[in-house]
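Peer 1: Sequence first, then the predicted structure, then my questions.
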2 protein chains.
Amino acid sequence: MNIAIRLAYDGTAYHGWQRQKSETTVQQTLENAVSRLYKRDIPVIGCGRTDAGVHAERYCANFRAEGGIPLDRLPLALNALLPQDISVFAAAEVEEDFHAVFSCLRKEYTYRVYNSNVRDPFLNGRALFYPEKTDLGAMRLAAERFKGTHDFAAVRSVGTNVKTTVRTVYDFEISRSGDMFGFRICANGFLYNMARAMVGTVLYAGIGKLRPEDITDILDSRDRRLAGPTVPPHGLYMTGVWYRGKAEVLFPPAEAAGKAGGEIS
Amino acid sequence: MNIAIRLAYDGTAYHGWQRQKSETTVQQTLENAVSRLYKRDIPVIGCGRTDAGVHAERYCANFRAEGGIPLDRLPLALNALLPQDISVFAAAEVEEDFHAVFSCLRKEYTYRVYNSNVRDPFLNGRALFYPEKTDLGAMRLAAERFKGTHDFAAVRSVGTNVKTTVRTVYDFEISRSGDMFGFRICANGFLYNMARAMVGTVLYAGIGKLRPEDITDILDSRDRRLAGPTVPPHGLYMTGVWYRGKAEVLFPPAEAAGKAGGEIS
């Protein structure tokens, strides 16, 4: 049976999602829990390789298992075996060919920036503290330029081999609540560090280090050096993931974002 | 010059406020920063001895120092020397006899409870995860019974010597936002573990382990064994502190609570 689960995690204590030889990762921690529960080694596939310190409010993983655990009891059974910073919310049987990465239609990341003079101790590891004065209008114009289908080579870090650096950004929206900014990016896929470099570039537009209209030229150049910096991982959250078919019930669109730390004040 | 500061801290990494021989505490960390800034050893007085894991959104400390640092620049100068989980927001010169503990008129603690079936990984260390079904109406009736001037011996842990166990609770209010409950207690003083034992007792009323009207008898008994359990420290936040005179400007009542992690979603 192919089982998909919806989970969330605070990435602070982990060296990212993906299994590593010596460091603790979310994948490994989850595989340990799943394997203990089913009493045999079970590999778990995750919908994205989040970096060290990156968080997930909505994340999808899948694994194959048979056995008598009713799927509605699986979340609590797994949570009993998981540390406090990882939670499983729901589980469903999915199509035999479902794969958390390859079946994924689109993903959403939200980057949180605390734009204030004085840092907030409760946002340590949860949002980027950014004391510079920012122009929200300029940032919104800059974000607009990233929307659509482009070659995103100028805003990715080299590191993984990909067939193409062309992606489609469906949405790039900046919301504000007091001193907190949320940069929400929805795309059919993300290159390595793409979300963080896009946010760094938009922040540069916000402090006048580049003009919103420069972004079109930056994308055309395919030159990473022309875009803004890659902002640190701890402000980044995976906040949405979309599937067709049976996995869709795990990610009801109405609930999207907002919950589970979605509104950090 | 007697200087008072308003600060906030995430208590997760600290063994409470008070200086200890071997463990890292908030007081010691703050004294190190103040002493480095003024280039001599300066003791710092804090408004309350919060336990290990307890947080503070609004906290007052005072110390004596002379020297050329303008008070409006003091917060940023101290923050540059402090770790990310402690922040100083404001500083003011106060009366020569001002003392963060003895001048304090009243204090407010807020205890946060996440009352849901599934834990939220982002509330780990920030709120008590409490999956039991609770009756908010019963909890509010129970809280009401604690208000006023009583002998609170039944809801304190023995540990510190106090002249009297009589205190006045001005307010005990339970707010709810989705699955998050905030238990806000305002009093002229708190005995050791008093806030946490009061919340544990009110939660017992919420799950039917005692009746709201039992609380009057429990207080009369002065018997700690009759009240509910002392809930764990990580849900507790110091959220308010009141002074007369020059320190009052540091704690404008309008802003009270709400900010700096005040609304954890």
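Peer 2: Thanks, I have the structure now.
Peer 1: And chain A, what are its domain boundaries?
Peer 2: A:2-103, A:106-237 (automatic domain parsing).
Peer 1: May I see the ones you listed organised as TSV, with mean neighbour count, distance to chain B and mean pLDDT added?
Peer 2: No exception for glycine: its C-beta is placed from N, CA and C like everyone else's. Formatted as TSV, the domains of chain A follow (neighbours: other CB atoms under 10 Å in any protein chain shown; distance: least, CB to the nearest CB, whole Å; pLDDT from 0 to 100):
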stretch	mean neighbour count	distance to chain B	mean pLDDT
domain A:2-103	18	4	95
domain A:106-237	19	3	95
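Peer 1: Confirm that residue A:112 sits in a strand.
Peer 2: Yes - according to DSSP: H, G, I helix; E, B strand; the rest coil, residue A:112 belongs to a strand.
Peer 1: out of the domains of chain A, nearest to residue B:210?
Peer 2: Residue B:210 lies closest to domain A:2-103 among the domains of chain A, at 27.4 Å (CB to CB).
Peer 1: would TSV of the domains of chain A with distance to residue B:247 be doable?
Peer 2: Below are those laid out as TSV (distance: least, CB to CB, whole Å):
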stretch	distance to residue B:247
domain A:2-103	35
domain A:106-237	19
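Peer 1: Strands of chain A, residue ranges please.
Peer 2: A:2-9, A:45-46, A:55-64, A:86-94, A:106-114, A:128-129, A:148-151, A:166-177, A:180-187, A:236-242 (DSSP state E).
Peer 1: Output those strands in TSV; the columns should cover distance to residue A:35.
Peer 2: Converted to TSV, the strands of chain A look like this (distance: least, CB to CB, whole Å):
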stretch	distance to residue A:35
strand A:2-9	13
strand A:45-46	14
strand A:55-64	9
strand A:86-94	14
strand A:106-114	27
strand A:128-129	36
strand A:148-151	41
strand A:166-177	34
strand A:180-187	33
strand A:236-242	24
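Peer 1: quick one: contacts for the residue lying closest to residue A:170 once chain neighbours are set aside?
Peer 2: Excluding the flanking residues, the one nearest residue A:170 by CB to CB, 6 or more residues apart in numbering or on different chains is residue A:186, at 4.6 Å. Under the criterion of CB atoms under 8 Å, 6 or more residues apart in numbering or on different chains, the neighbours of residue A:186 are A:106, A:107, A:108, A:169, A:170, A:171, A:172, A:240.
Peer 1: Give the bridge partners for the last one, please.
Peer 2: In this structure, residue A:240 has beta-bridge partners residue A:108, where bridges are defined by DSSP bridges.
Peer 1: That one touches residue A:56, doesn't it?
Peer 2: No - counting by CB atoms under 8 Å, residue A:240 sits too far from residue A:56 to count as a contact (10.2 Å).
Peer 1: Run through the residues that contact residue A:10.
Peer 2: Listed by CB under 8 Å, 6+ apart, the contact set of residue A:10 reads A:55, A:85, A:86, A:261, B:121, B:122, B:124.
Peer 1: which of those lies closest to residue A:203?
Peer 2: Nearest member of those to residue A:203, counting by CB to CB, is residue A:55, at 19.1 Å.
Peer 1: Verify the stated contact: the closest one with residue B:122.
Peer 2: Yes - using CB under 8 Å, residue A:55 is in contact with residue B:122, at 7.5 Å.
Peer 1: which residues touch stretch A:109-119?
Peer 2: Residues contacting stretch A:109-119 (CB under 8 Å, 6+ apart): A:57, A:120, A:123, A:126-132, A:134, A:179-185, A:190, A:195-196, A:199, A:203, A:231, A:235-239, A:257, A:262, A:264, B:75-76, B:79, B:84, B:87-89.
Peer 1: what about it, how long is it end to end?
Peer 2: Stretch A:109-119 stretches 23 Å from its first residue to its last (CA to CA, to the nearest Å).
Peer 1: dump the residue contacts of the residue lying closest to residue A:114 once chain neighbours are set aside.
Peer 2: Leaving out its chain neighbours, the residue that sits closest to residue A:114 by CB to CB, 6+ apart is residue A:127, at 4.4 Å. Neighbour list for residue A:127: A:112, A:113, A:114, A:120, A:180, A:234, A:235, A:264 [criterion: CB under 8 Å, 6+ apart].
Peer 1: Now stretch A:235-245: buried residues?
Peer 2: By neighbour count with 16 or more other CB atoms under 10 Å in any protein chain shown, stretch A:235-245 contains the buried residues A:235, A:236, A:237, A:238, A:239, A:240, A:241, A:242, A:243.
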